[in-house]
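**Student:** I would like the atomic coordinates for the input below:
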Amino acid sequence: DEEKAQAIIDYLMASGVNYYDTAYMYHGGKSELFVGKALSKYPRDSYFLADKMPSYPLEEGRTPQEIFEEQLKKCGTDHFDFYLLHNLCEDSVPVFTDPDKGVIPYLLEQKKQGRIRHFGLSSHAKPETLKAFLDRYDFFEFVQLQLNYLDFEDPAIQSRKCYEVCQKFGKPVLVMEPVKGGHLATLPEEAEKLFADLGGGSPASYAIRFAASFPHGGSLFLACGDRKMLL
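**Tutor:** Numbers count the residues shown, from 1 in each chain. This next block holds a predicted model:
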């Protein structure tokens, strides 16, 4: 619903939120087009825009240059403030590191040219996979992780262990899924009562507080120069 989505972005901008994340495949490929359109009414230096390099079109034979140029055009911009390898995981590592595809060298060149300001990765990988990748490549500036109180000790997602890997390597963390797709905004009655008895806000606010309680962003804020990034 573009009308409602535009209203949300207008509300966020008016409230001081200035970091917007999109990706190649979100909403069937329409997210980048909408985000570009929705933000076009605002000065480019008033917000930070993040996008990501997907692995599946690379597997299908598209080049990183084709994808990157398409993303810039769809978003109506000449640069991305933050650019990520999308969904680093056990299946995508071979794609991103394939020397014939040349994904990482191409993106590093775009960073050198100023078309990428900060280069990082989003990860759904196992902790050991993430560690091995960061051992191999030391130039990634930040990691985006799924981080919420439900997944923190989940044996499948292992948020805590992945966060600890980032801490070990000194990588600032950007948080995705802080409210777990909305699941932590509406809770079972017993859990709702626990938060209500604390008298400090909605269940969603506690989810955000949990994600914001870690020292995961300081050096990234400094890297942004004179523009404050509000997450």
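
**Student:** Can you give me every residue that contacts D1?
**Tutor:** The neighbourhood of D1, defined by CB atoms under 8 Å, 6 or more residues apart in numbering, contains no residues. (C-beta placed from N, C-alpha, C; glycine too.)

**Student:** Start the count at 15 instead of 1 going forward.
**Tutor:** That works, and once the first residue is 15, the last one we named lands at D15.

**Student:** can you list the residues that contact stretch 81-89?
**Tutor:** Here stretch 81-89 has contacts from 36, 38, 46-47, 49-50, 63, 65, 67-68, 71-72, 92-94, 120-121, 124, 129, using CB under 8 Å, 6+ apart.

**Student:** among the residues you listed, which ones are buried?
**Tutor:** The neighbour-count criterion (16 or more other CB atoms under 10 Å) marks 36, 38, 46-47, 49-50, 63, 65, 67-68, 71-72, 93-94, 121, 124, 129 among the contacts of stretch 81-89 as buried.

**Student:** In helices only, show me these.
**Tutor:** Among those, the subset assigned to helices under DSSP state H consists of E46, L47, V49, G50, P71, L72, L121, Q124.

**Student:** got any ranges where this structure has weak pLDDT?
**Tutor:** 230-245 (pLDDT under 70).

**Student:** which residue ranges form the helices in it?
**Tutor:** Taking DSSP H, the helices of the chain run over residues 16-28, 45-53, 70-73, 78-89, 107-110, 117-126, 141-150, 173-183, 203-212, 217-226, 232-237.

**Student:** any idea how far K88 is from L47?
**Tutor:** In this structure, L47 lies at 5 Å from K88, with CB to CB, to the nearest Å as the measure.

**Student:** In this protein, which residue is most central in space?
**Tutor:** When CA atoms, centre = their mean is applied to the chain, the residue found nearest the centroid is Q158 (4.9 Å).

**Student:** I'd like the distance between that residue and K87.
**Tutor:** In this structure, Q158 and K87 are 24 Å apart, going by CB to CB.

**Student:** just P68 next, same as before
**Tutor:** If you go by CB to CB, the gap between P68 and K87 works out to 16 Å.

**Student:** same deal with E16?
**Tutor:** In this structure, E16 and K87 are 19 Å apart, going by CB to CB.

**Student:** ditto for D168
**Tutor:** Using CB to CB, one gets 38 Å for the distance from D168 to K87.

**Student:** can you check A226 too?
**Tutor:** Distance from A226 to K87, by CB to CB: 34 Å.

**Student:** With Q79 instead?
**Tutor:** To K87, Q79 is 13 Å away according to CB to CB.

**Student:** what's the answer for F224, then?
**Tutor:** For F224, the distance to K87 under the criterion CB to CB works out to 38 Å.

**Student:** who has more neighbours, these two?
**Tutor:** Neighbours around F224 and K87, counted as other CB atoms under 10 Å, are more numerous at F224. The numbers are 18 against 12.

**Student:** my guess is that one contacts D165, does it?
**Tutor:** No. Assessed by CB atoms under 8 Å, F224 is found out of contact with D165, at 10.6 Å.

**Student:** thinking again about what came up before, out of the ones in helices among the buried ones among the contacts of stretch 81-89, the closest to D24 would be?
**Tutor:** V49 (13.0 Å; CB to CB).

**Student:** ok, the closest one - contacts?
**Tutor:** Y34, T36, L63, C89.
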